[in-house]
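[1] sequence plus the predicted model coming up.
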Amino acid sequence: MRQIAPLGLLCLLLAFSDLVNSKKTGKVPRGHMQELGLHRDSDGHVDIVEEPYSAEEFWKNYVSKRRPVLIKGAANNFPAKSLWTDDYLLKEYGQYNVKLEKKKESEGIPTGDMGLGRDSIKNFISTYVEKNKYIVSQLPKPMYRDILVPSSLSCGSFANSLVEVNYWMSNGGTKSLLHKDARKSYLKQNAFP
């Protein structure tokens, strides 16, 4: 039989005591069985700024203070914004291999034409509308030509720290499990027509 580490046992006991106390008092902890984040008050407002936003201002106002920010319009000049249709992706990048996940990660790993959890962009484009899957993969390097580095990330320390570019694509309705990404993550989300 596997032993429980002391910290794990303490967490288990605390969780059990909360459960017993809530049954005695009839009170359910704030946020119980509700959307993530409703268990506590908000940390505050997230600023919304327009691109172009200088690297110096970005560093001074957000990165150095570890504050989140929404930069609107950061992809307005990306070639991908006008080019990335299903037909274009199929023609230009169909041969490249990507990783797949199911729309709800807890439902397992989908199978593509390259095996379990792998698909070609060609097969994905021809099946993603009907199938329960989406791309969550490193962007194939030839696709970099359609993505630009926003001006707020173009100075040396930012540009030199970009490690990978991830590519997510679906027809909507995807849900991720609670997880933690790398410390220096920059999320760029586009809703292309």
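    Happy to help now that I have it.

[2] tell me which helix or strand comes right after the lowest-mean-pLDDT helix or strand in the chain.
    The helix or strand of the chain with the poorest confidence is helix 6-25; it has a mean of 53 (mean pLDDT, DSSP states H and E). Going down the chain from helix 6-25, the next helix or strand is strand 47-50, by DSSP states H and E.

[3] so which bits of stretch 47-62 are buried?
    Using 16 or more other CB atoms under 10 Å as the test for burial, stretch 47-62 gives 49, 52-53, 55, 58, 62. For the C-beta atoms, the positions are set from N, CA and C on the backbone; glycine is no exception.

[4] nearest to T85, of those residues?
    Distance to T85, by CB to CB, is smallest for P52 among these, at 26.3 Å.

[5] spatially nearest residue to that closest one (excluding sequence neighbours)?
    S151 (4.7 Å; CB to CB, 6 or more residues apart in numbering).

[6] what about the one you found, neighbour count?
    16 (other CB atoms under 10 Å).

[7] now swap in the one 3 residues further on and tell me
    Burial of S154, expressed as a neighbour count using other CB under 10 Å, amounts to 14.

[8] show me what contacts it?
    Contact partners of S154, counting by CB atoms under 8 Å, 6 or more residues apart in numbering, are A55.
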